[in-house]
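Undergrad: need a structure here:
(one chain, ligands or ions: 1)
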Amino acid sequence: MTARFISSPRFASRGYGRNHPLAIPRVALAQQLAEACGLLAEGEYLEARCATDAELAALHEPDYVAAVRRAEDAREVVQADRERYALGVLENPWFADVFTRPATATGASLQAADEALAGRRAFNPAGGMHHARRGRAQGFCYFNDPALAVLRLRAAGLRVLYVDLDAHFPDGVVESLGADPEVLALSLHMDTGYAYPFAGGSPEDPGAVNLPLPRGANDEEFLLAFDAVWPRALERFAPDAVVLQAGTDVIAPDPLGKLAVTTQGFLAAVARVVEAAPRLVVTGGGGYHPLLVARAWTGVWALLAERPLPAAIPPAGRALLREVRWEHDEDWVAAWMFESFDDPPGAGGVRPEVEALARAAARHPRLA
Ligand SMILES: [Zn+2]
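TA: Here you go, the predicted structure:
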């Protein structure tokens, strides 16, 4: 099966202004690392286009879309829009392409859905903005491209399984799509009792299959939780297509994540999805450590393109990673990050609470 890597030169520049967790190199760095490893072939790259107003209106309220556009055009957010739409605030700051950048990430997710409909796998690392609401920005997210990708596949008559590996509960997606019986959302995330968005994501939610993980969840626990629900979701829900949100903030040491998953643990879950999904759209998502993000998304792309990752990161890739400059704590950078795609093995062992959580999730009514 052929695969497409969807991006835009727009993502080579940093968005989100200054002093924001997303004001770091991410999408272009991942693409450059994949290229440096010889993993991205000519003809696989697809240039992202901006979503149209009509496309955004499939989910978002027109007055909100107009407000985001106004913020870009006027080069500022007026007080009324700040209050009503949570735009131009610390969490969702104003920046020069505050409309065009997220609208392009959204266009790319719609292109990815079209690629999946045409029988190709697609990866849109700029997408996965799963907190955006119909009528306001939230959690660094302006437009909910993963929900819009699901809606595009639904419009083609497909049953869609949404799988979210990001460390945070995808409240915007679940709220947008929760009531549709032809859509099922499955999410592993940090328990909202201790982590953003501090609400939702409970295992008791009848509409979505939620696996709220405790702090420090390791590879064994992450994969036990994933394996408790993934094969069952495939068999019982029988999706025609899967939209996978591949946020990398589960990987330690992510500055905002509080889990202890390794790159290889994360990629093991992605590999299971790639192997079995009948049609597949993969988006990016969270991930606030540029080196870990670039390594993990290069790994995601290698799985989609069915090429093995090199045992060692080649010199051009190492040089690329060494050039990255961003504000970080000293202990967030280690020599192994430049050497290979494998992190040092983390702690093992499964806590009883995670075992119980996995058992309960397997009995979720939507998986019956
Ligand atoms: Zn996240």
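
Undergrad: got a list of what the residue in the stretch 151-300 of the chain positioned nearest to the ion touches?
TA: Residue nearest to the ion within the stretch 151-300 of the chain: Gly286 (2.5 Å; CB to the ion). Quick note: C-beta positions are derived from backbone N, CA and C, even for glycine. Contacts for Gly286 (CB atoms under 8 Å, 6 or more residues apart in numbering) come out as Gly128, Asp166, Ala167, His168, Gly247, Thr248, Asp249, Asp254, Leu256, Gly257.

Undergrad: contacting the ion as well, which ones from those?
TA: Contacts with the ion within these, as defined by CB under 5 Å from the ion: Asp166, Ala167, His168, Gly247, Asp249.

Undergrad: and the closest residue to the first one other than its chain neighbours, what pLDDT?
TA: Same thing as Asp166. Nearest residue to Asp166, sequence neighbours excluded (CB to CB, 6 or more residues apart in numbering): Gly247, at 2.8 Å. On pLDDT, Gly247 comes in at 98.

Undergrad: so what's Gly247 up against?
TA: Applying CB under 8 Å, 6+ apart, we find Gly247 in contact with Gly128, His130, Asp164, Leu165, Asp166, Ala167, His168, Gly284, Gly285, Gly286, Gly287.

Undergrad: could you pull out the strands for the protein?
TA: Secondary structure of the chain (DSSP state E): strands located at 3-7, 45-47, 121-124, 160-164, 183-190, 208-213, 241-245, 280-283.

Undergrad: strands paired with the shortest one, and their directions?
TA: Spelled out, it's strand 45-47. Neighbouring strands of strand 45-47 in its sheet, by DSSP bridges, are strand 3-7 (parallel).

Undergrad: report the rounded mean pLDDT for the partner strand.
TA: Here the average pLDDT along strand 3-7 is 98.

Undergrad: do the same with stretch 306-320
TA: Mean predicted confidence for stretch 306-320 is 97.

Undergrad: and stretch 158-178, by the same measure?
TA: The pLDDT scores in stretch 158-178 average 96.

Undergrad: now stretch 79-86
TA: Averaged over stretch 79-86, pLDDT sits at 96.

Undergrad: how close does the closest residue to Ala228 other than its chain neighbours sit to Asn210?
TA: Counting by CB to CB, 6+ apart, Ala358 is the residue found nearest to Ala228 once chain neighbours are left out, at 3.7 Å. Per CB to CB, to the nearest Å, Ala358 is found 12 Å from Asn210.

Undergrad: more neighbours, these two?
TA: Between Ala358 and Asn210, counted using other CB atoms under 10 Å, the more crowded position is Asn210 (26 against 19).

Undergrad: what subset of the contacts of Gly247 is buried?
TA: Among the contacts of Gly247, those buried by neighbour count (16 or more other CB atoms under 10 Å) are Gly128, His130, Asp164, Leu165, Asp166, Ala167, His168, Gly284, Gly285, Gly286, Gly287.

Undergrad: so what's the residue count around Arg133?
TA: Neighbour count of Arg133, defined by other CB under 10 Å: 21.

Undergrad: got the contact list for it?
TA: Asn144, Gly172, Glu175.

Undergrad: what's the answer for Ala356, then?
TA: Applying CB under 8 Å, 6+ apart, no residues contact Ala356.

Undergrad: which pLDDT does the model give it?
TA: 98.

Undergrad: then Trp336?
TA: For Trp336, pLDDT reads 96.

Undergrad: got it, and the one 10 residues further on?
TA: On pLDDT, Gly346 comes in at 87.

Undergrad: so how far is His189 from it?
TA: From Gly346 to His189 the distance is 18 Å (CB to CB).

Undergrad: so between those two, which is more surrounded?
TA: Neighbours per residue, other CB under 10 Å: of Gly346 and His189, the larger number sits with His189, 26 against 19.

Undergrad: now do the helices in the stretch 251-368 of the chain.
TA: Counting by DSSP state H, counting those that start in this stretch, the segments of the stretch 251-368 of the chain that form helices are 263-276, 290-305, 315-322, 336-339, 352-362.

Undergrad: which secondary structure elements does the longest one contact?
TA: Secondary structure elements in contact with helix 290-305, counted by 3 or more CB pairs under 8 Å, 6 or more residues apart in numbering; DSSP states H and E, are strand 3-7, helix 27-36, strand 121-124, helix 263-276, strand 280-283, helix 336-339.

Undergrad: what about the longest one, average pLDDT?
TA: It stands for helix 263-276. For helix 263-276, mean pLDDT is 98.

Undergrad: next, the angle from that helix to strand 160-164.
TA: 170 degrees (axes from the mean of the first three to the mean of the last three CA atoms, to 10 degrees).

Undergrad: list the buried residues of helix 263-276.
TA: Under 16+ other CB under 10 Å, the buried positions of helix 263-276 are Thr263, Gln264, Gly265, Phe266, Leu267, Ala268, Ala269, Val270, Arg272, Val273, Val274.

Undergrad: got JSON lines for those, with distance to the ion too?
TA: Formatted as JSON lines, the buried residues of helix 263-276 follow (distance: CB to the ion, whole Å):
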{"residue": "Thr263", "distance to the ion": "16"}
{"residue": "Gln264", "distance to the ion": "20"}
{"residue": "Gly265", "distance to the ion": "16"}
{"residue": "Phe266", "distance to the ion": "13"}
{"residue": "Leu267", "distance to the ion": "17"}
{"residue": "Ala268", "distance to the ion": "19"}
{"residue": "Ala269", "distance to the ion": "15"}
{"residue": "Val270", "distance to the ion": "15"}
{"residue": "Arg272", "distance to the ion": "20"}
{"residue": "Val273", "distance to the ion": "18"}
{"residue": "Val274", "distance to the ion": "21"}
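
Undergrad: tell me which of these is nearest to Ile313?
TA: Thr263 (11.8 Å; CB to CB).
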